[in-house]
Every structure is written in structure tokens, then in C-alpha cells.
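J.: need coordinates for the below:
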Amino acid sequence: MFDYNAQSQWSNGFGRQQSPVDLKGSEAVQHKGSLLFEIKNSYDLISEIDDQTTIRVLGNGSAAVFGRSFDFVQVHFHVPAEHLVDGEAKPFEIHLVHQNKIGQLVVVALLVSEGKEDATLQQIIDQFQAGRTKSVNIQLEDWVPARPTGFHYLGSLTTPPLTEGVEWLVITNPNVSISADQLAWFKAHFQPNNRETQDLNGRLIGSYLK
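T.: Numbering: from 1, shown residues only. The predicted structure follows:
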């Protein structure tokens, strides 16, 4: 298990395209329309894992990302959020991890605000068993809106081995919120588990905010 309180000691031999980043709208390349992400086959969660730093839930499903096909692999959670928008962090971030047939990774990050309780998130909390992997049968509801807004850029995994070449879609208008009680539960079990923001090093950020 890696230590979020000693991030400077994490091994990073990959270079200058690391994640997460601070997404600054005024500096991003503006695009018309919304992010081109669409779930094609519903996401069914089948195995819930306590990996000591977060809950990781494996599953099945598929999506189109800018017209390309990807399989849904897993979902996991960070508290507080890893990506910033204009220097500000949401209390919670959900990562939907996808992979295509040749191994390319796309992570769809949902920046989640505090609000009403989410029923699917509560199912995941209720099924959790510390230190164990457990079979589950949870249908991931429509956390992604029909017209997602946010940002698109090239980065890395945010946990070791910090592999680069990961495509990121960071959605700022998700159809999911987290209640105060749910947020307190995640804080009690896993906080902190957010990587510090990394330098852009000249990377372009695409903004899709309409």
C-alpha cells in the first residue's frame, strides 16, 4: 500500500504528463458542445475490493468516447477530489476506468458536490467489508448526464505506477451527489487518498462547457 502522506517518495519514471491537474477554464482550448461520451451498455458492478486506499469495484459495460469504443473496467473513489477547477476542489471524485482492445485507458472523472444521498453509492458503502473482496450485484445508475460538460486532456494514472498515456474526461455536471453522512463515511475510512496536482508542462486542456 502506498502512503498519501509521503507522495514525494512515490517512484515516477514517466516524465512530464502527470495527473491530476488544476483545470483552468480561462487557459483551456474552448470547444463547442459537450464532451463526447456515451454509455452503450449499462455498467454492472460484480466485485467490490478494499484495496486499503479506496473502494475499487470491478464491472462490465461499454461506452463510446469521442466515437471510439471502450470497455468499462472498474470504478473507485477519492476524497477530497483530485482534479481542481480554477483552483477549487470538490469534496469527492469518482473515477470510471475504461480500456479498449489494444490497452488504451480512458478515465472519466466525476467531480461530485455534497447534496442528497445517492442510492447506488449507498449500496457500495453497505456492501463494503474491510480487508476483503466481495461479490456484488449492483447496477451503476446514470451518473453521467446526457450532455456532459467539463474538460479533456492527456495525463497519467494518479496512483503508482503513475503510468502516462491516460486520456482523461473530467465531468463537472454529473448526475450524482454525495450526502454529508456518505462523505463522512469515506473520510473516516480512506481520507486522504487524493494525489497532489501536477504541473501541466505545456499540455493543452480542452474545455467543453456547453
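J.: name the SS class of the residue nearest the centre of the chain, please.
T.: For the chain, the residue nearest the mean C-alpha position is His95 (1.9 Å; CA atoms, centre = their mean). Put simply, His95 is strand when judged by DSSP: H, G, I helix; E, B strand; the rest coil.
J.: got the contact list for it?
T.: Neighbouring residues of His95 by CB atoms under 8 Å, 6 or more residues apart in numbering: 75-78, 107-110. C-beta coordinates here come from the backbone N, C-alpha and C atoms, glycine included.
J.: which ones among those residues are found in helices?
T.: Of the contacts of His95, none are assigned to helices by DSSP state H.
J.: now those in TSV, with pLDDT?
T.: Listed next are those as TSV, based on pLDDT from 0 to 100:
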residue	pLDDT
Val75	98
His76	98
Phe77	98
His78	98
Val107	98
Val108	98
Ala109	98
Leu110	98
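J.: what about these, which are in strands?
T.: The strands, defined by DSSP state E, take in 75-78, 107-110 from these.
J.: tabulate these (TSV), appending neighbour count and distance to Asn100.
T.: Shown next, in TSV, are the ones in strands among the contacts of His95 (neighbours: other CB atoms under 10 Å; distance: CB to CB, whole Å):
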residue	neighbour count	distance to Asn100
Val75	25	17
His76	21	19
Phe77	22	23
His78	27	24
Val107	21	13
Val108	27	14
Ala109	25	18
Leu110	26	20
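J.: let's have the residues you listed in CSV, adding distance to Gln17.
T.: Shown next, in CSV, are the ones in strands among the contacts of His95 (distance: CB to CB, whole Å):
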residue, distance to Gln17
Val75, 23
His76, 21
Phe77, 24
His78, 19
Val107, 14
Val108, 18
Ala109, 16
Leu110, 22
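J.: tally of neighbours for Arg68?
T.: By other CB atoms under 10 Å, 13 other residues sit near Arg68.
J.: isn't it right up against Gln99?
T.: No - when contacts are counted by CB atoms under 8 Å, Arg68 is not listed as touching Gln99 (11.6 Å).
J.: how about stretch 34-51: buried residues?
T.: Residues of stretch 34-51 classed as buried by neighbour count (16 or more other CB atoms under 10 Å): 34-35, 37, 39, 43, 45, 48-50.
J.: same check on stretch 61-71?
T.: Applying 16+ other CB under 10 Å to stretch 61-71 flags 61-63, 65, 70-71 as buried.
J.: ok, so of the residues you listed, who is nearest Gln139?
T.: Gly61 (9.7 Å; CB to CB).
J.: for the lengthiest strand in the chain, what is the average pLDDT?
T.: The longest strand of the chain (DSSP E) is strand 37-50. Regarding strand 37-50, the rounded mean pLDDT is 97.
J.: cool, and stretch 113-121?
T.: Mean pLDDT, stretch 113-121: 97.
J.: what's in contact with stretch 142-149?
T.: 34-35, 37, 39, 94, 96, 108, 110, 120, 169, 171-176, 208-210.
J.: and if we set it to 10 Å?
T.: Residues outside stretch 142-149 that contact it (CB atoms under 10 Å, 6 or more residues apart in numbering) are 33-39, 42-43, 63, 75, 94, 96, 108, 110, 112, 118, 120-121, 169-176, 207-210.
J.: what mean pLDDT does that stretch get?
T.: The pLDDT scores in stretch 142-149 average 94.
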